[in-house]
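Student: The following comprises the amino acid sequence and a computationally predicted model.
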Amino acid sequence: MCSTCEGVLPADHPEAFTPERAHLIMAHGYCSCRADDVVPAQADSPPAVDSLSIAAS
């Protein structure tokens with residue numbers, strides 16, 4: 001938890017994704033202080049799939 005905004009900090013490893021963490025995120029949201037520190041997705045990563053456009057086709 002962030003000591004400034006009390007939001008949930010970004011996970012460092014896959015094992016951090018637990019039901020307890022999900023509950024904290026739902027209750028407190030993500031840390032808004034570190035938004036500038038988040039590294040954007042790589043340009044060569046696959047694009048997100050829009051499930052609505054798939055269902056419409």
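Tutor: Received it, and whenever you're ready, just let me know what you need.

Student: Give me the neighbour count for Cys31.
Tutor: Per other Cβ atoms under 10 Å, the neighbour tally for Cys31 reads 19. Glycine gets a C-beta too; all of them are placed from N, C-alpha and C.

Student: so it touches Leu24, yeah?
Tutor: No. Here Cys31 does not reach Leu24: they are 10.9 Å apart, not a contact under Cβ atoms under 8 Å.

Student: Which residue ranges of the protein form helices?
Tutor: Assigned helices in the chain, in chain order: 19-28, 51-56 (criterion: DSSP state H).

Student: What residue, apart from its backbone neighbours, is nearest Gly7 spatially?
Tutor: Distance criterion Cβ to Cβ, 6 or more residues apart in numbering; nearest residue to Gly7, sequence neighbours excluded, is Cys31 at 3.8 Å.
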